[in-house]
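Asks: can't give you the sequence, but here's the structure:
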């Protein structure tokens, strides 16, 4: 107020409008900008011309990137790339909470479906688009293929579509899909470079986007037609955050460190909202008084038990990871058994056998180049081999908990199999002509068979009986068997074509396989006798094979199907799924496939390293080059050996050549020039020619350091 009582004026709090009577303040800001500014979240009132930014009182904001708002509950949602999480809070900073914290890499875009009460986000690190309920539950991957660098995302809940930008270097584009991920369509893929922000004009039925390299703001109809340039100016050097409200488009600019707006119809009336503000990221313009829109999901979630996703003129009930849709198409249930399979360039998928619904992604990294898989039912883990990188990996069945199991010394891992009794992992390596075993965590690795074996490929285990079975694709195709400690190798049979997909029916005591060259499926007794042709007609290119109850299941590479038939007669054939190309391996995930225990289940049989099943019980064994002590339980390291280097590895061999040489599990060995070994301290030293450093490590790969 002015000091003179006859001449005064009324003022309101920052950002709050003084009403027309010049005496009363509005209840609060009506239109605001929400700003993600890396280490804090801010709001800017658009009701008053000062555009003052106010920091919202939040703790532990590390690297806020994308931001959106739920007008129903009045909550801000934002992503944080440093802590790999999605958070939410009230506008005053209260009720702050983390809602997504696991298996999320770089969530660079976020969108609130305020009608169906769902949250959508892009993950640039994992190259996928996901959805969950607004509280982070019922999480589901919607799209995980043909994405390179998915960035911004916007939803249109009344029409049932989502829109996103992808600034992948090879194919920048703007795409659209239904809110359930179906009906995907590329809208714009020309004259684009770095399409960063995107917004939907719900009234004019258009999309707007900004390109950080072309320095343009453009718009188009919702189907991509009628493309128009709104702003084409080098004075918009790096658009990032992008939003639309009323007649204006708003954006943040990294290089100019400012927020601007322009008329969405004319491209004129350009106005600087705020400048000299570093670390500007995501932006959301909102009207706090406007809560519009309706679709069938807004009414009791349309009866869906978990996710209700609106698709144009219909609702689609969907289930989070680990659940499957019941026959009523409304209720999500825990499946008793499901097929898990690997698709080249796609990754791991699964199908519930009770429902035969569409396949669902298992969201793990490194599986697109996978070639084979198996699982540990009790541990709820899946294991797979990456033929491109020569590694074996594992993750929980929901995609979390990713770990590298075997990182060194693999040439071409063909197949792997889990011994659920001893908690061991077996695999064949056709590049090294050997069969190896380790603990499920990759420790105590041992080469079991490396003599009298050629191009071992498919592998199956019978831990309760103590046998392992494998096929060989050498000059004469054959199927062999040995004890699970590698002893007593026996050729069971010679076959006409390459045997693949070896699987055991543990109840019927039968071995099944597919013949890749004859395009037929066979069975035999476990001693190799009583060979029967199970399926031979109308099967073009069978590959993976598995068994469950009265059925065998296989993938057909040519027909792009997953099928099943009666395991005895081959009758009752049924296509489980179509349009499944490049399926390389398939397994049934069910407790019956890993039932039973033996002495290795209890305290690892008393073995310090490996407890390996055997027809007579079990055998304790040690990692390669280590010696079993007289107690037949514990192990000792080698006393005399040779350490030598190859270009990118350090290796060890024994002088008596009773065991093969091995690659030591030591990292940072690119360009090894010379080595030395300190026997007393147990360190190997080497010259790193690439980095011009001297390094050292224990022979088991721990304590890698520069000297």
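Replies: Structure's in. What do you need? Note that this is a predicted model, so its numbers are computed, not measured.
Asks: who's in contact with stretch 674-682?
Replies: If you take CB atoms under 8 Å, 6 or more residues apart in numbering as the criterion, stretch 674-682 is touched by 643, 644, 645, 650, 683, 684, 685, 686, 687, 698, 699. (Glycine included, C-beta is placed from N, CA and C.)
Asks: so how far is it from its chain's centroid?
Replies: Relative to its parent chain, stretch 674-682 has a centroid offset of 40 Å by CA atoms, centre = their mean, to the nearest Å.
Asks: Now a PyMOL select for only the buried ones of the contacts of stretch 674-682.
Replies: Per 16 or more other CB atoms under 10 Å, the buried members of the contacts of stretch 674-682 correspond to this PyMOL selection:
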select buried, resi 643+645+650+683+684+685+686+687+699
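Asks: Tabulate the contacts of stretch 674-682 (JSON lines), appending pLDDT and secondary structure.
Replies: Supplementary listing: the contacts of stretch 674-682 in JSON lines, determined by pLDDT from 0 to 100; DSSP: H, G, I helix; E, B strand; the rest coil:
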{"residue": "643", "pLDDT": "90", "secondary structure": "strand"}
{"residue": "644", "pLDDT": "91", "secondary structure": "strand"}
{"residue": "645", "pLDDT": "88", "secondary structure": "strand"}
{"residue": "650", "pLDDT": "90", "secondary structure": "strand"}
{"residue": "683", "pLDDT": "90", "secondary structure": "strand"}
{"residue": "684", "pLDDT": "92", "secondary structure": "strand"}
{"residue": "685", "pLDDT": "92", "secondary structure": "strand"}
{"residue": "686", "pLDDT": "91", "secondary structure": "strand"}
{"residue": "687", "pLDDT": "89", "secondary structure": "strand"}
{"residue": "698", "pLDDT": "88", "secondary structure": "strand"}
{"residue": "699", "pLDDT": "86", "secondary structure": "coil"}
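Asks: So which of the contacts of stretch 674-682 is the closest to residue 508?
Replies: Ranked by distance to residue 508 (CB to CB), the contacts of stretch 674-682 are led by residue 699 at 45.7 Å.
Asks: isn't that closest one right up against residue 684?
Replies: Yes - in this structure, residue 699 sits in contact with residue 684. The criterion is CB atoms under 8 Å, and the distance is 6.0 Å.
Asks: overlap in contacts of those two?
Replies: Common neighbours of residue 699 and residue 684 (CB under 8 Å, 6+ apart) are 643, 664, 666.
Asks: can you put these in TSV and add distance to residue 511?
Replies: As requested, the shared contacts of residue 699 and residue 684 are arranged in TSV below (distance: CB to CB, whole Å):
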residue	distance to residue 511
643	42
664	36
666	39
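Asks: Which single one of these is nearest to residue 480?
Replies: Proximity to residue 480 was ranked across the shared contacts of residue 699 and residue 684 by CB to CB; first place goes to residue 664, at 29.4 Å.
Asks: so is the residue lying closest to residue 446 once chain neighbours are set aside in a helix, a strand, or just coil?
Replies: For residue 446, the nearest residue in space outside its immediate sequence neighbours is residue 624; the separation is 4.9 Å by CB to CB, 6 or more residues apart in numbering. Per DSSP: H, G, I helix; E, B strand; the rest coil, the local secondary structure of residue 624 is coil.
Asks: what about residue 624, neighbour count?
Replies: If you count neighbours by other CB atoms under 10 Å, residue 624 ends up with 22.
Asks: roughly how far apart are it and residue 70?
Replies: Remark: distance between residue 624 and residue 70 (CB to CB, to the nearest Å) = 57 Å.
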